[in-house]
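> Below are the sequence and a predicted model; questions follow.
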Amino acid sequence: MSFEIVSSGFQHRQRTGTPLSQALKTGIVFGVLSLYLALVGVYLTFDKSWVVVNVLSMGRTLLFVVPLLAGVQFARLNRSQSRAVQLGGTLLVGLIVGGFTACLLPVILFGNLRVMFVALSSPLAKMLALGLTPVLGAAVLVAGSAAAALFGALLTVMSPTVRRPITVGLAALAVVALLQEVLQLILRGGGAAFSFITRGLFQYGGLTVRGAIIVFVAAALVSIVVARLRAPFKARFAELPPGAARFLRQAGIVILLAAIIFFPLIGGSFVAQVFLLVGLYALMGMGLNVEVGLAGLLDLGFVAYFAIGAYTIALLTADSPHALASMSFWAALPIAVLVSVAFGFLFGIPVLGIRGDYLAVATLGIGEIVRVLVLSDVAQPLLGGAQGILNIPSPAIGSFELATPTSLYFLTVCCLALATYFAFRVQDSRLGRTWMAMRDDEDVAQALGINLVKTKLLAYSIGAAFAGVAGAIFAVMLKSIFPHSFQLLISINILALIIVGGLGSLGGVIVGALVLIGLPELLREFGEYRFLLYGAVIVAMMRLKPEGLWPARIRRRETADA
Amino acid sequence: MPDALLRTVNMTKRFGGLVAIDSLDLDVLPGTIHSVIGPNGAGKTTVFNCIMAFLAPDKGEIWFDGERIDGLTPDRVAASGISRTYQNLRLFRNVSAIENILVGMHLHLRTSWWSAVLSTRANREEEREAHREAERLLHFVGLRGRGDVLARNLSYGDQRRLEIARALATRARLIMLDEPAAGMNPRESRELMVFIRNLRDERGLTVLLIEHHMQLVMNISDRITVLDHGQKIAEGLPDEVKNDPVVVEAYLGTRKRHPAEHA
Ligand SMILES: Nc1ncnc2c1ncn2[C@@H]1O[C@H](COP(=O)(O)OP(=O)(O)OP(=O)(O)O)[C@@H](O)[C@H]1O
Ligand SMILES: [Mg+2]
């Protein structure tokens, strides 16, 4: 089956070679990475935002983070070498990475490759030269890279008690810098109580020098304290009776969950909007997880059910010439779910006999058919064509309209909770076992009396139901819907998030949605490079944690046994 | 003579030019252990595949308990009361032993998926009873206490036992075992022999057995059918078959071609 790749994971190859060849290899790999980041415009884009306002831009930081990571990598591979070899190798690695990057300077200044690479502009040259003359800048860049590599290697070989506070401090600095816009928004929303924090750390556009130092030191201190308290705390925890330990752990999870759920209340409407989107994707993820994770049916046309839910709500509630009725949202919601289920069932029929990779292609086709049909002239009088359907009213409870992102977010959370409970119950039921059997070996499952048609159509229908709910909320969120909102990309996003979260795991769906949908929204800078991030995260995941961030029970057992 | 529980009439299966089963008439009487033997490639597994509807025979009929079953889907065949194991183990490898058995019990669990969502009393009771029965089956095949082990982490012999337990879980009346002793050591095969006898004598099951292990076959079979190149070349009681010159010839003939055969 096609996602065997996902579950089997990649083996880490045994690395061999002399320190010299490793230094060359590491240098070249990270040098090429640096070139790549420059060519696709990452450096330049990130040069516009600050780690520390007017002192250090993110682009420049990244310029030296790459050789730093190269240094870490080289030091990791050569832990057992002598200090001299480590030092020399690391310097070489840093020089190579810096050299690769610096090579871009003459290319930009004397060549003209802008036809191919838009990013190769004079602003990039200025940035790479660190605001100095090209020659001096290149020299500083190369030397700086070597220094960064050395720092990385040093971090790697030093004792953990020293390393941890430094890395934690730097990581905190990175997180605060990346999230500064949202953090400032949240802190402002918090009123006077927080305003002194805001003023103490930030100015418009990012951290102040003082703020950066405070964040670094505070995080480092916290890490030191935590490290101190950790061992005694663990010992105490181990002494607790198992019941109490379990209770504490569950209480922890509940508190964490509550914190996540209610976070948008203090975060303001931007954060609520982001969380609303995360919730909608998680809801769809729950649905796709039923199909792909539990039943093993790869579906790339999943967005179709999302669209069907949205269009049903629009047709039944909108104040528009296309509307078929003017129901309330609450009356239309069950109908939207039923219509999605009906289509899940319907679209399941033609692909019943298709297995494995072919299923991906067939479902892909179905998703596209739906989109093209909605756009077509035939459906135009009914569905409004490219102009879509406008004026979809917000749901109301009594006289209270769920019009704000926050209120819609809580509606989504309720639906998501229901969906999660539903999926949780079903996966351990007879139906869940049937899906699991079908996923493992369709023929054997059938020979044990399992009706494959019924089982598959149930999976498609239930999956579609969740997507239909998400679509319904999506429609009232936008208040108008257009065919172009339902691109193939959404199906791929959902598939990506359930894989990153952990195929077949309910918690994984939510974690995956937070990481792959929430983070890119919060990190505005990543907007353009969202799919670069996606690709990077997925490749990294497959290498480092193929079972997902929150592995399904079974997969966890698999990897534990392996 | 009682009516056959399973009967194939003139069953033929071709793969391109190869005739894997050639007009086979097979009568399996209820409450017997009926073995199908024959050299490698004789078509034994193909007989199972045709009965279980994994393959559609090109010609002929298959009857089970007075009903025509060829043309049904495998799940319907299973529902009619037939269950099988596989020559090359096909467990649900990534789930626990007990879950494998629970899947096998699918056919006689009744409560619907929405009663599981609502966690109704009927559903909870059925699940509890199902788990108890699964434990009993584990015990019966000698895997007591190993229910939580992932199927693929069981030893080879245990995996074979688990596959039989899963087949029994369907409460089929006819169990078809495809080389259950393959890869077992002599002690394990002896235990298996007793076990298969128990299936017949204590559970009243009918067993259709493919096995290369001659001693085992001769010891427990009520009746033996010998296939060679898809054709039935002999049939009868163990002693009759053992001394049949055609059978000896077929086996000796292939022994030269397959020196590794462990007859
Ligand atoms: N699905 C198939 N497609 C094509 N040929 C097949 C198929 N299944 C079996 N065969 C061929 O049919 C013949 C009979 O195969 P079968 O597996 O039934 O033999 P067998 O008696 O079970 O042998 P063994 O003792 O080795 O298990 C063989 O020549 C085999 O190659
Ligand atoms: Mg065979």
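Done, it's in. Keep in mind that what you see is a predicted model, and the values were worked out from it rather than measured. Ligands and ions are numbered 1, 2, ... in the order given.

> Can you name the residue of chain B nearest to ligand 2?
As assessed by Cβ to the ion, ligand 2 sits closest to B:T45 within chain B, at 3.1 Å. All C-beta spots, glycine's among them, are computed from the backbone N, C-alpha and C.

> Can you verify my assumption that that residue contacts B:N88?
No. Judged on Cβ atoms under 8 Å, B:T45 makes no contact with B:N88 at a distance of 9.5 Å.

> interface residues of chain B facing ligand 2?
For chain B, the residues in contact with ligand 2 (Cβ under 5 Å from the ion) are B:T45, B:Q87.

> coming back round to it: surely the residue of chain B closest to ligand 2 is within a helix?
Yes. Counting by DSSP: H, G, I helix; E, B strand; the rest coil, B:T45 is located in a helix.

> about what we covered before: same drill for B:T45 and B:N88, tell me which one is more crowded.
A count of neighbours by other Cβ atoms under 10 Å in any protein chain shown puts B:T45 above the other of B:T45 and B:N88, at 19 against 8.

> Provide a list of residues in contact with that one.
With contacts defined as Cβ atoms under 8 Å, 6 or more residues apart in numbering or on different chains, the neighbours of B:T45 are B:Q87, B:D178, B:I210.

> ok, of the residues you listed, which one's closest to A:V55?
Distance to A:V55, by Cβ to Cβ, is smallest for B:Q87 among those, at 71.6 Å.

> Specify the local secondary structure of that closest one.
At B:Q87 the chain is in coil, as set by three-state DSSP.

> Could you grab the helix/strand/coil label for the residue at minimal distance from the centre of chain B?
By Cα atoms, centre = their mean, chain B has its centre lying nearest to B:M176, at 1.8 Å. Following three-state DSSP, the label given to B:M176 is strand.

> Surely it and B:S83 touch.
Yes. Taking contacts as Cβ under 8 Å, B:M176 lies within contact range of B:S83: 7.1 Å.

> Show me the shaky parts of the chain.
You didn't pick a chain, so chain A it is. Within chain A, the stretches with pLDDT under 70 are A:1-16, A:190-191, A:524-527, A:554-562.

> try again with chain B
Scanning chain B for pLDDT under 70 picks out the ranges B:1-2, B:252-263.

> ok, which stretches of it are strands?
With strands called from DSSP state E, chain B shows them at B:6-15, B:18-28, B:33-37, B:59-64, B:67-68, B:82-84, B:174-178, B:206-210, B:223-228, B:231-236.

> would you turn these into a markdown table with distance to A:T208?
What follows is these, written out as a markdown table (distance: least, Cβ to Cβ, whole Å):
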| stretch | distance to A:T208 |
| --- | --- |
| strand B:6-15 | 78 |
| strand B:18-28 | 81 |
| strand B:33-37 | 85 |
| strand B:59-64 | 83 |
| strand B:67-68 | 84 |
| strand B:82-84 | 74 |
| strand B:174-178 | 75 |
| strand B:206-210 | 80 |
| strand B:223-228 | 87 |
| strand B:231-236 | 91 |
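
> Mind checking these for the one nearest to A:K454?
Of the strands of chain B, nearest to A:K454 by Cβ to Cβ is strand B:82-84, at 19.7 Å.

> Is any residue of the closest one near chain A?
Yes. Counting by Cβ under 8 Å from any Cβ of the partner chain, contacts between strand B:82-84 and chain A involve B:S83, B:R84.

> Relative to that strand, what are the paired strands and their orientations?
Strand pairing for strand B:82-84, determined by DSSP bridges: strand B:174-178 (parallel).

> doesn't A:V157 make contact with A:A75?
Yes. A:A75 is within contact range of A:V157, at 5.7 Å (criterion: Cβ under 8 Å).

> and for those two, which residues touch both?
Common neighbours of A:A75 and A:V157 (criterion: Cβ under 8 Å, 6+ apart): A:Q86.

> Find the nearest non-adjacent residue to A:S485, please.
Nearest residue to A:S485, sequence neighbours excluded (Cβ to Cβ, 6 or more residues apart in numbering or on different chains): A:L478, at 7.2 Å.

> no, scratch that, I was asking about A:V140
Residue nearest to A:V140 in three dimensions, not counting chain neighbours: A:L130, with 5.7 Å by Cβ to Cβ, 6+ apart.

> Could you tell me how many residues sit around that neighbour?
Burial of A:L130 is recorded as 14 neighbouring residues (other Cβ under 10 Å).

> what does B:M11 give?
B:M11: 24 neighbours (other Cβ under 10 Å).

> correct me, but it touches B:S23?
Yes. If you go by Cβ under 8 Å, B:M11 and B:S23 touch, sitting 7.2 Å apart.

> who touches both of those two?
With Cβ under 8 Å, 6+ apart applied, the overlap between the contact sets of B:M11 and B:S23 consists of B:K59, B:G60.

> so the closest residue to ligand 1 within chain A is in which element?
With Cβ to the nearest ligand atom as the measure, A:D443 is the residue of chain A nearest to ligand 1, at 11.9 Å. Taking DSSP states H and E as the criterion, A:D443 maps to helix A:442-447.

> what does that helix contact?
Contacts of helix A:442-447 (Cβ under 8 Å, 6+ apart): A:355, A:434, A:437-438, A:452, A:455, B:52, B:54, B:73-75, B:77-78, B:83-84, B:86, B:90, B:92, B:103.

> what does stretch A:162-173 give?
Residues contacting stretch A:162-173 (Cβ under 8 Å, 6+ apart): A:51, A:155-156, A:207, A:212, A:215-224, A:227.

> Could you list the domains of chain A?
A:16-157, A:160-239, A:269-488 (automatic domain parsing).

> Need the distance between the two termini of the shortest one.
Taking Cα to Cα, to the nearest Å, the first and last residues of domain A:160-239 lie 27 Å apart.

> roughly how far out does that domain sit from the chain middle?
Distance of domain A:160-239 from its chain centroid, counting by Cα atoms, centre = their mean, to the nearest Å, is 22 Å.

> next one: stretch B:186-199
Relative to the centre of its chain, stretch B:186-199 is centred 15 Å away, using Cα atoms, centre = their mean.

> Could you do stretch A:296-303 as well?
Distance of stretch A:296-303 from its chain centroid, counting by Cα atoms, centre = their mean, is 19 Å.

> so does it get close to chain B?
No. Applying Cβ under 8 Å from any Cβ, one finds stretch A:296-303 separated from chain B by no less than 10.9 Å.

> which parts of stretch B:22-32 are buried?
Across stretch B:22-32, burial judged by 16 or more other Cβ atoms under 10 Å in any protein chain shown covers B:D22, B:L24, B:L26, B:D27, B:V28, B:L29, B:T32.

> try stretch B:4-18
Neighbour counts over stretch B:4-18 (16+ other Cβ under 10 Å) mark B:A4, B:L5, B:L6, B:R7, B:T8, B:V9, B:M11, B:T12, B:K13 as buried.
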